[in-house]
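Chemist: The amino acid sequence is not available; the structure is as follows:
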């Protein structure tokens with residue numbers, strides 16, 4: 001999940017301010033004197049900015065002042081991007097004041113997804129570092145802190161590595177006073193999406209009302225059994241009240257046993273700690289017949305040869321009691337090589353047809369400059385569908401005969417659907433079989449799709465309902481609109497959830513429940529024929545919703561990235577459908593067959 005670990009994705013934060021600064025004064029700002037305190041105290045700047053109101057106009061002048069902060073050299077604010085740092089359009093909607101303060105004070109601790117520094121050494125001995133903007137077969141392009149782009153032929157690359165360091169200086173704040181720092185923060189906080197700028201469409205309402213009585217989130221386990229950055233939670237099939245929890249950085253899968261009055265947390269599998277630049281374990285799924293065959297699968301993001309990255313799907317075998325891994329070597333099922341170290345997918349689910357569905361992101365860099373999501377010869381930016389109960393040739397799986405692209409020359413037969421950016425979490429409706437996907441957006445919109453066979457969901461030709469780029473548009477191609485999209489006003493990293501099928505008497509029965517990782521919002525929506533009917537904000541959880549889980553009774557759970565799993569208690573709330581928040585079906589929208 002923008003993605004969510006970070007990362008969807010890692011903690012999702014943003015490298016917000018300048019790449020370069022000088023200590024000379026501009027002499028034109030009416031701000032208080034620019035002489036910084038000596039020595040500069042990071043805590044002092046943080047405390048001042050959190051307790052004092054700055055002047056956004058003075059902050060804007062500092063942001064644009066090339067002699068002092070030179071922020072505009074690395075950051076655009078118009079939504080177009082293309083510079084070394086993240087575009088800051090609507091950054092005030094995406095992040096709270098403390099997030100903005102922390103990102104400027106500690107940039108390497110809060111790197112935005114896709115903006116880690118890549119270091120390239122050539123065969124001739126030259127060394128370059130910057131943000132990876134393109135990585136094609138012939139060459140790769142880095143943009144440096146000076147805003148200049150360097151193109152390097154792939155054949156000339158001797159070494160390439162990605163670091164967890166930001167190009168932004170760690171001591172940027174030392175060149176300005178505490179008041180000026182507060183002014184810059186105030187300007188960043190003022191960068192919000194204008195009400196008139198968000199196109200109100202069917203499926204993208206301008207307002208999302210909150211429930212009169214929010215749903216409750218109750219801790220599912222003892223705080224003594226908290227987890228280290230968990231990213232997945234689910235029941236062990238066939239064993240009541242036993243669950244597994246995946247931690248992405250440690251590489252551990254834990255067993256959470258709640259069969260007795262107490263509870264126990266024991267190791268299920270240790271895959272090894274994540275490597276720098278990677279996101280480690282991403283998710284897992286049990287085979288539909290796990291109770292009989294003890295098969296399970298997990299996805300892991302890893303560094304591979306020559307500084308590149310790949311997402312792997314492995315098959316494991318549990319011990320006869322189903323409570324731990326058997327110790328047998330894992331079997332590699334899939335390897336999906338990537339352009340960069342972002343948008344690595346991570347979702348796994350078995351469909352009602354018994355086949356394994358694998359969600360894969362476009363793999364970056366930002367904006368998908370190689371058009372991976374529209375390239376049918378690659379697994380990137382796709383939903384894949386494979387048969388892990390049979391083998392074909394040298395692969396540990398077979399291709400279902402009804403996959404939409406079987407037999408097409410130059411097309412991967414594993415592909416089920418096209419045009420996704422980062423389908424971090426997805427699930428099947430237990431009653432209808434609909435495949436619901438939360439697809440993390442680029443600059444402006446997050447989206448929710450109901451995905452079907454052979455369809456194209458638009459990235460990077462569309463982002464949400466809006467045109468994004470024509471670079472990889474193909475004549476005659478049809479694109480399917482989202483069920484729902486929301487702007488930065490409501491969030492910056494969607495986490496897909498589940499359709500509630502627990503208590504049939506609940507007003508939430510058949511309602512899709514999902515969240516936004518960055519803004520800590522939970523949403524619920526209803527649709528008919530993939531057309532949005534009603535959407536509501538239903539809760540503000542205590543932790544960032546990085547994933548959701550569903551038990552065998554149909555009850556839903558939220559995984560908080562900070563370490564807790566919560567039961568989503570819907571019993572005390574009513575899903576309201578009669579007052580606002582629904583969409584006029586006559587509003588303009590891109591048609592499912594729009595090109």
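Modeler: Yep, that arrived. Small disclaimer: the values here were computed from a predicted structure and weren't measured. Numbering: from 1, shown residues only.

Chemist: hey, let's count contacts and neighbours off CA atoms from now on
Modeler: Noted.

Chemist: Mind checking what helix or strand follows the helix or strand where residue 234 lies in sequence?
Modeler: Element membership of residue 234, judged by DSSP states H and E, is strand 230-235. Sequence-wise, the next helix or strand downstream of strand 230-235 (DSSP H and E) is strand 242-247.

Chemist: So for that next one, mean pLDDT?
Modeler: Averaging pLDDT along strand 242-247 gives 98.

Chemist: That strand - contacts with which helices or strands?
Modeler: Applying 3 or more C-alpha pairs under 8 Å, 6 or more residues apart in numbering; DSSP states H and E, one finds that strand 242-247 makes contact with strand 230-235, strand 252-257, strand 280-286.

Chemist: Let me have these in CSV, adding distance to residue 340 as columns.
Modeler: Output for the helices and strands packed on strand 242-247, formatted as CSV (distance: least, C-alpha to C-alpha, whole Å):
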stretch, distance to residue 340
strand 230-235, 21
strand 252-257, 24
strand 280-286, 15
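
Chemist: Mean neighbour count, mean pLDDT and distance to residue 482 for those strands - can I get that in TSV?
Modeler: Formatted as TSV, the helices and strands packed on strand 242-247 follow (neighbours: other C-alpha atoms under 10 Å; pLDDT from 0 to 100; distance: least, C-alpha to C-alpha, whole Å):
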stretch	mean neighbour count	mean pLDDT	distance to residue 482
strand 230-235	26	98	25
strand 252-257	23	98	33
strand 280-286	26	97	24
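
Chemist: hmm, back to that, what's the strand holding residue 234 packed up against?
Modeler: strand 242-247, strand 280-286, strand 545-550, strand 556-560.

Chemist: Can you give me the neighbour number for residue 306?
Modeler: 11 (other C-alpha atoms under 10 Å).

Chemist: before we move on, what about the one 10 residues further on?
Modeler: Residue 316 is flanked by 21 other residues according to other C-alpha under 10 Å.

Chemist: so what's the residue lying closest to it once chain neighbours are set aside up against?
Modeler: Of all residues not flanking residue 316 in the chain, residue 330 sits nearest, at 4.9 Å (C-alpha to C-alpha, 6 or more residues apart in numbering). Listed by C-alpha atoms under 8 Å, 6 or more residues apart in numbering, the contact set of residue 330 reads 314, 315, 316, 317.

Chemist: so of the helices and strands packed on strand 230-235, which one's packed in deepest?
Modeler: strand 545-550 (a mean of 28; mean count of other C-alpha atoms under 10 Å).

Chemist: who are the neighbours of it, in terms of helices and strands?
Modeler: strand 230-235, strand 494-499, strand 512-516, strand 556-560.

Chemist: Arrange those in TSV, one row each, with distance to residue 469 as further columns.
Modeler: Supplementary listing: these in TSV, determined by distance: least, C-alpha to C-alpha, whole Å:
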stretch	distance to residue 469
strand 230-235	32
strand 494-499	22
strand 512-516	25
strand 556-560	34
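
Chemist: Out of those strands, which gets nearest to residue 436?
Modeler: strand 494-499 (7.5 Å; C-alpha to C-alpha).

Chemist: Show me what residue 398 bridges to in the sheet.
Modeler: Following DSSP bridges, residue 398 is listed with bridge partners residue 387.

Chemist: so what's it up against?
Modeler: 386, 387, 388, 389, 390, 391, 392.

Chemist: between those, which has the most around it?
Modeler: Scoring these on neighbours with other C-alpha under 10 Å, the highest-scoring entry is residue 386 at 24 neighbours.

Chemist: wait, that one sits on residue 416?
Modeler: No - applying C-alpha atoms under 8 Å as the test, residue 386 and residue 416 come out as separate, 9.1 Å apart.

Chemist: Isn't residue 132 up against residue 142?
Modeler: Yes - the pair residue 132 / residue 142 is scored as a contact, 4.7 Å apart, by C-alpha under 8 Å.

Chemist: what do these two both touch?
Modeler: residue 118.

Chemist: if I look at residue 310, how far off is residue 336?
Modeler: 5 Å (C-alpha to C-alpha, to the nearest Å).

Chemist: So between those two, which is more surrounded?
Modeler: Using other C-alpha under 10 Å, the more surrounded residue of residue 310 and residue 336 is residue 310, with 21 against 18.

Chemist: so which helix or strand takes in that one?
Modeler: Using DSSP H and E, residue 310 maps to strand 309-317.

Chemist: outside of that strand, which residues touch it?
Modeler: Contacts of strand 309-317 (C-alpha under 8 Å, 6+ apart): 278, 294-304, 325-341, 344-346.

Chemist: quick one: what helix or strand has residue 46 in it?
Modeler: Judged by DSSP H and E, residue 46 forms part of helix 42-51.

Chemist: quick one: buried residues of that helix?
Modeler: 45, 46, 49 (16 or more other C-alpha atoms under 10 Å).

Chemist: Output the contacting helices and strands for that helix.
Modeler: helix 97-105, helix 178-190.

Chemist: Let me know the next secondary structure element after it.
Modeler: helix 56-64.

Chemist: between that next one and helix 178-190, how many degrees?
Modeler: 90 degrees (axes from the mean of the first three to the mean of the last three C-alpha atoms, to 10 degrees).
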